[in-house]
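Undergrad: Just the structure for this:
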Amino acid sequence: MVRLRDPVHQLKGIGKVATEKLNELGIETVEQLLFTFPARHEDFTKRDLREVGHGEKVTVEGRAEHEPTVFFSGRGRSRLQLVLRVGPHVIRTTFFNQHYLKDRIRVGDTVTVSGKWDKGRQSITVQKFFHGVQNEPNAFEPVYRLKGKFHQKTFRTFVGTALEALEEPLPERLPRSILESEQLLSIDRAVRAIHFPSDAEEHDRALERFIYEELFLFQLKMMAMKQKRKSGETGRVIDYDVEALRQFIGTFPFEMTNAQKRVVNEICIDLKQPHRMNRLLQGDVGSGKTAVAATGIFAAWTAGVQSAFLAPTEILAEQHATTLAEWLEPFGLRVAFLAGSTKTKARRDMLERLASGEVDVLVGTHALLQPDVTFSNLGFVVTDEQHRFGVEQRRVLREKGNDPDVLFMTATPIPRTLAITAFGEMDVSIIDELPAGRKEIETYWLTEQSLVPLLRRMEKELAAGRQAYVICPLIEESDALDVQNALDVHAQLEQFYSGRYTVGLMHGRLPASEKDEVMAQFASGEVDVLVSTTVVEVGVNVPNATFMIIYDATRFGLAQLHQLRGRVGRGEHQSYCVLLADPKNEEGQERMRSMVETNDGFVIAEKDMQLRGSGDLFGTKQSGMPEFQFADLQEHVALLSKAQQHATQLLNDSTFWKAEESAQLRHYLKETGALSDERID
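TA: Sure, this is the predicted structure:
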């Protein structure tokens, strides 16, 4: 008999060599062995051949009618044929490169085979073979992720031995109330069933339990982190001047949308709370996030605290600095800009003024994160396109103040499912309304055969004084991919528009200074057409750009296409986006149709998640997305929401912090950093 924490070598049949192999897999204890779950199960359920369709996989048990016959071909290949009687049927079975079975199978032997059924020929191409009644497979046989020469059968034996020898119950982490309300298997039954289910139903019930447990534990951690942040232990009250803020908002050259006003109210409520604000602001391209951020900065200033505004690129940061200065400086706020290119003397003077409190708002790039950038009284931080900064970078800026309030902004619409999972510890605000008068971008899907007429159509926009983007998936020609590249397209367009319009080129291999120069020329109108790769996905605001062509549009994800499209449609004139694509499958066609049918970034994001899956929408390391073994965010949306509700209810129940039943969960929260100390009410 063994206990969970015992080393695996204490199990019968596991010697020194097997122990070393298990250790290489990261398995040192009995518990680790039992919680190494199968990647999948082979279904060896026996079926009546009359119910099996042509080409389906089938498992049957039969009696050998004749001695096996072997046929050899060149290069040592062989084909063994065996006639089996399966109930009323007599069928032929074919084994490839297993001629050695000829000496093991005798007439009358019981044989179980699994493989592809050819209904016309009444034959099975064998993939798995089991000889004798004693060697019959389980109906559902586990298949594990193993390395080297570790055989599946050996590993299955070890797991079975551990389950039989275990003398203590497996510790249950899910509360009894949840197990009962959701009708979930206990941990003991679920572990046994996930390895060796008796049938498909038991396997599915075990799977359901572990799917729910993964979602619940993650949500419990997220909700506990949110509670910890709001417990009043950290943060400051920013007691802003309400009347001054109203006057400031009234000076905007536009009327705020209802969505903007709602988000401003949410931010203002956060500012006056004693805990640190940790808010994610989602808003489509052009929805007015910068104006919302400016109101937060102004409110913080009326309370005597400084603000920082972090942007991913120098040209975008400079654009934000210009806009914020235009709005804020008439009220007396002092806005400064800092980037890697800032000259030494100007940088030194600016840092002195920042440290002394003579700078109220510092806008910049990663340069803000340098150790010598010291604030006098940093209280409000805005991070634009937050997913472009790592967790460590965001932490550095936050620590330059005394737990400042933080507003993260993104123009990449995040499906609701991801928002409550990847950003579950944040409060989420959404601007789901475009400013009044903003014209919807007209989107078209064409093939490249339409290119010359399309360039003529684009020329009409250029003749009217507008500008255009042309986006390519690659910088230069590729032997591996038959797609348009920026260098060739730039050369073609220079020739096509020669003497009439200026064509610029931008791509990721250009030095930062050259990229900024080209982008500045486009923004000022010196360049009429900008040929670029996706480096313009997050770029400057050029309201005069009204036309975009995207070559080989099927090479991009939906969310990325939507981000690129958002470079136009930012001014008063009607804008157009043309997708050049010849998709080879239904999924590609569906993506193009989705872009044509809607300009709503959140609809696009949900569609992108359906087509590509959640894992591709953001880099896992960038976004903080959890890696689930069983759960799928797209498929298990309802369970995810339910898990969040259960987690919130549990944390708000005073008995959770005392009950013995909850000890496992409290330990989990402490272990994952969601609790700093064991909480006792």
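Undergrad: hey, which helix or strand in the chain has the poorest pLDDT?
TA: helix 620-623 (a mean of 38; mean pLDDT, DSSP states H and E).
Undergrad: how about low-confidence regions in this protein?
TA: 133-135, 229-234, 386-394, 415-425, 476-483, 537-539, 612-626, 634, 676-681 (pLDDT under 70).
Undergrad: Packing partners of the biggest helix by length in it?
TA: The single longest helix within the chain, with elements called by DSSP state H, is helix 200-229. Contacts defined by 3 or more CB pairs under 8 Å, 6 or more residues apart in numbering; DSSP states H and E place helix 200-229 against helix 187-195, helix 416-422, helix 637-651, helix 663-671. In short, each C-beta sits where N, CA and C put it, glycine included.
Undergrad: Export these as CSV, with columns for mean neighbour count and distance to Val111.
TA: Listed next are the helices and strands packed on helix 200-229 as CSV, based on neighbours: other CB atoms under 10 Å; distance: least, CB to CB, whole Å:
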stretch, mean neighbour count, distance to Val111
helix 187-195, 20, 26
helix 416-422, 21, 48
helix 637-651, 18, 43
helix 663-671, 16, 48
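Undergrad: Nearest to Glu627 among those helices would be which one?
TA: When the helices and strands packed on helix 200-229 are compared by CB to CB, helix 416-422 sits nearest Glu627, at 11.5 Å.
Undergrad: immediately after the closest one, which helix or strand?
TA: strand 427-431 (DSSP states H and E).
Undergrad: Quick one: residues in contact with that next one.
TA: 226, 257, 259-260, 262-263, 266-267, 270, 277-284, 287-289, 292, 419-420, 602 (CB atoms under 8 Å, 6 or more residues apart in numbering).
Undergrad: Looking at those residues, which are in helices?
TA: Taking DSSP H, the ones among the contacts of strand 427-431 that sit in helices are 226, 259-260, 262-263, 266-267, 270, 289, 292, 419-420, 602.
Undergrad: quick one: which two of these are the most distant?
TA: Farthest pair in the ones in helices among the contacts of strand 427-431, by CB to CB: Lys226 and Gln260, 24.4 Å.
Undergrad: These two: which is more packed in?
TA: When Lys226 and Gln260 are compared for neighbours, Gln260 comes out ahead with 23 against 19, by other CB atoms under 10 Å.
Undergrad: Let me see the contact set for that one.
TA: With CB under 8 Å, 6+ apart, Gln260 has these contacts: 287-288, 291-292, 431, 433.
Undergrad: can you check Gln81 too?
TA: Shown in contact with Gln81 (CB under 8 Å, 6+ apart): 68-71, 92-95.
Undergrad: Check Phe628 too.
TA: Contacts were defined as CB under 8 Å, 6+ apart; by that measure Phe628 touches 214-215, 218.
Undergrad: host element of it?
TA: Per DSSP H and E, there is no helix or strand for Phe628.
Undergrad: any chance of the contacts of Gln260 in JSON lines, plus distance to Leu49 and neighbour count?
TA: Formatted as JSON lines, those follow (distance: CB to CB, whole Å; neighbours: other CB atoms under 10 Å):
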{"residue": "Ser287", "distance to Leu49": "61", "neighbour count": "26"}
{"residue": "Gly288", "distance to Leu49": "66", "neighbour count": "22"}
{"residue": "Ala291", "distance to Leu49": "70", "neighbour count": "21"}
{"residue": "Val292", "distance to Leu49": "66", "neighbour count": "26"}
{"residue": "Ile431", "distance to Leu49": "61", "neighbour count": "24"}
{"residue": "Glu433", "distance to Leu49": "61", "neighbour count": "17"}
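Undergrad: which among these gets closest to Val503?
TA: Nearest to Val503 among the contacts of Gln260: Ser287, at 30.7 Å, using CB to CB.
Undergrad: didn't the closest one look like it was pressed against Pro413?
TA: No. Applying CB atoms under 8 Å, one finds Ser287 not in contact with Pro413, separated by 9.9 Å.
Undergrad: Is it correct that Val111 is in contact with Val126?
TA: No. Using CB under 8 Å, Val111 makes no contact with Val126, being 9.6 Å away.
Undergrad: okay, these two: which has more neighbours?
TA: Val111 (22 against 19).
Undergrad: Which secondary structure state is assigned to that one?
TA: The local conformation at Val111, judged by DSSP: H, G, I helix; E, B strand; the rest coil, is strand.
Undergrad: does it have beta-bridge partners, and which?
TA: Beta bridges link Val111 to Gly62, His131 when assigned by DSSP bridges.
Undergrad: if I pick it, what's in contact with it?
TA: With contacts defined as CB under 8 Å, 6+ apart, Val111 is in contact with 61-64, 82, 84, 105, 129-131.
Undergrad: please redo it, this time with the cut-off set to 10 Å
TA: Listed by CB atoms under 10 Å, 6 or more residues apart in numbering, the contact set of Val111 reads 60-64, 68, 82, 84, 86, 93, 101, 105, 126, 129-132, 135.
Undergrad: Wasn't Met548 part of a helix?
TA: No. Per three-state DSSP, Met548 lies outside any helix segment and is strand.
Undergrad: shouldn't it be in contact with Val470?
TA: Yes. Met548 is within contact range of Val470, at 7.5 Å (criterion: CB atoms under 10 Å).
Undergrad: Overlap in contacts, these two.
TA: Joint contacts of Met548 and Val470 (CB under 10 Å, 6+ apart) are 458, 530, 578.
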